[in-house]
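Visitor: need a 3D model of the sequence below.
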Amino acid sequence: MTMEAKNKRMGGVLMPISSLPSAEGVGTFGKEAYRFVDILADMGMKIWQILPLNPLGYGNSPYQPFSSYAGDPVYLDLGLMAEEGLIKSTLSKYDNKTPGKADYTATASYKAPYFREAFESFKEKIGGENADTALKAEYEAFKALFWVRPYGIFITLKAKNDMRCWNEWPREEQDYILDGKFDITPYEDDIEYAMFLQFMFCRQWNRLKKYANEKGILLMGDIPFYVGIDSLDVWQGRKNFLLDKDGHPRFIAGVPPDYFSETGQRWGNPIYDWDNLEADGFKFWLDRLSYSAKLYDIIRIDHFRAFDTYWKIPSSCPTAVEGEWIEAPGYKLFDTVYEKMPDIQIVAEDLGDLRPEVLVLRDHYNLPGMYIEQFSALDKKGPAENQLIYTGTHDNQTTLGWLKDLDKKTLGKVKRRFFTFANPGEKLVWKILNYVYKSRANLAIVPAFDLLALDDAARLNTPGTVGSPNWEWRLTSLDGLSEKIPAAKKMITESGR
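Guide: Just a heads-up that it's a prediction; the model follows:
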């Protein structure tokens, strides 16, 4: 978000890259992503919110990534690589056995031989007497980034160890990043291959972002508060986390029982060693945020409340019921962040049962918080001006699914609130969409599945559950959204966004 746009009323759409249609099993940075940008621009939208793009971890969750910096190659578009001359063979047709669902494992297997072909072509392109010197210089500059080679080593050693977590590798491999004693030489080609894929990822993403920005669309990225134990972040920065001598978490992150779960949510992420982070000038967080600020125009930080207090669960506890709230040095951290990055644009995910101090912390830095219409449909007060209003997020039911699950009495109240006799269906969903976009909140975003008035078959994630069907919903075509352009344009225009 530019400084000029900071307080401007803007509307947007939440659509994960994985949920875009494509011929490759999972949404990509290819032509359908560009068409989606065109649709947003034609609707008058100003924000495209996505989910984390990092390498997917356990259960295909974008919130348990192998790295805070690397991207998942599954989003790379083979057609774009072919246009660059890196893939010369004819692309075989992907056997789409699950249309309407992102099939991460099968897609990765389908793309792997083409990625290898592209890698060999790339090496020829930047090597020899007729080398593309500009491309080679760009690649070498990319490899010099602080995270690129370490990630190449990390993911190569994971593959060598059947993708097991780093704390299950042989000890000399576990400690290579700390002491450099393990002989990595035999694996250099695989490391180079991993770095090449990250280079291509950044090229394709940056080109898509540039296109969106030129169309007047800002990209909102989503970064998790915590990182996964099975990640470069933890392997390389063990001192930043509360681990035992064998690299296992002594405490686990999560939240106590709440609206979503009677036993709370036990996420499995290791807890930060905040004393060490502070002693190091919060370098870990500064690096994460500064890199994310290059990838996205706006950063939504998930689980913002943990900058104030975080739920500390003993690793021996199978649920999140046991634990204690611990204070974090949120003010010291954000004072440092804004000293180093005064123009960074952050949205705080401040949902849940919060103590007042969380909101004081948020407001001290004038950060927009979040307002979920599904949670507040009978709240006549509505959102504040400095908030981001949603119908629901990736963690909620679709609006139609939510309406269908309401008891008769509550549904009647919701219908009266929106001045309609319509039963759950597209008409009632769009009544709610109109309210969201016309609200006084400066920022208003709805998921693409709500623009299409889809039921819970399109739900992205159910908190507290792992694996299918979470993170799998995908469109088979953008035609339905394209048909909504006139109605959405009218709604956005009338709402002054």
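Visitor: use CA for all of it now, contacts and neighbours both
Guide: Fine.
Visitor: and the longest helix for the chain?
Guide: Longest helix in the chain by number of residues (criterion: DSSP state H): helix 188-214.
Visitor: buried set for that helix?
Guide: 190-202, 204-206, 208-209, 212-213 (16 or more other Cα atoms under 10 Å).
Visitor: swap in stretch 159-177?
Guide: Buried-residue list, stretch 159-177, by 16+ other Cα under 10 Å: 165, 166, 167, 169, 173, 174, 175, 176, 177.
Visitor: ok, now stretch 475-488?
Guide: Within stretch 475-488, judged by 16+ other Cα under 10 Å, the buried ones are 475, 476, 478, 481, 482, 485, 488.
Visitor: one step back: would JSON lines of the buried residues of stretch 159-177 with pLDDT and distance to residue 158 be doable?
Guide: Listed next are the buried residues of stretch 159-177 as JSON lines, based on pLDDT from 0 to 100; distance: Cα to Cα, whole Å:
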{"residue": "165", "pLDDT": "96", "distance to residue 158": "7"}
{"residue": "166", "pLDDT": "98", "distance to residue 158": "7"}
{"residue": "167", "pLDDT": "97", "distance to residue 158": "10"}
{"residue": "169", "pLDDT": "98", "distance to residue 158": "8"}
{"residue": "173", "pLDDT": "98", "distance to residue 158": "10"}
{"residue": "174", "pLDDT": "97", "distance to residue 158": "10"}
{"residue": "175", "pLDDT": "97", "distance to residue 158": "13"}
{"residue": "176", "pLDDT": "97", "distance to residue 158": "13"}
{"residue": "177", "pLDDT": "95", "distance to residue 158": "13"}
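Visitor: name the strands paired with the helix or strand of the chain with the lowest mean pLDDT and say parallel or antiparallel.
Guide: The helix or strand of the chain with the poorest confidence is strand 265-270; it has a mean of 90 (mean pLDDT, DSSP states H and E). Under the criterion DSSP bridges, strand 265-270 sits next to strand 251-255 (antiparallel) in its sheet.
Visitor: what's the strand it pairs with in contact with?
Guide: 226, 242-243, 264-271, 310-315, 320 (Cα atoms under 8 Å, 6 or more residues apart in numbering).
Visitor: please redo it, this time with the cut-off set to 7 Å
Guide: Residues outside strand 251-255 that contact it (Cα atoms under 7 Å, 6 or more residues apart in numbering): 242, 264-271, 311-315, 320.
Visitor: buried subset of these, written for ChimeraX?
Guide: Applied in ChimeraX, the following selects the buried portion of the contacts of strand 251-255 according to 16+ other Cα under 10 Å:
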select :242,264,265,266,267,268,269,270,271,311,312,313,314,315,320
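Visitor: tell me the two of the contacts of strand 251-255 that are most distant?
Guide: 242 and 264 (21.2 Å; Cα to Cα).
Visitor: please, which helix or strand holds residue 444?
Guide: Taking DSSP states H and E as the definition, residue 444 sits inside strand 443-447.
Visitor: pull the CA atoms of that strand into CSV?
Guide: Taking C-alpha atoms only, strand 443-447 is exported to CSV below (Å, rounded to 0.1, in the frame of the first residue of the first chain):
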residue,chain,number,x,y,z
LEU,A,443,-10.6,-1.9,3.6
ALA,A,444,-13.2,-4.5,2.6
ILE,A,445,-12.3,-8.0,1.2
VAL,A,446,-14.5,-11.0,0.4
PRO,A,447,-13.4,-14.4,-0.6
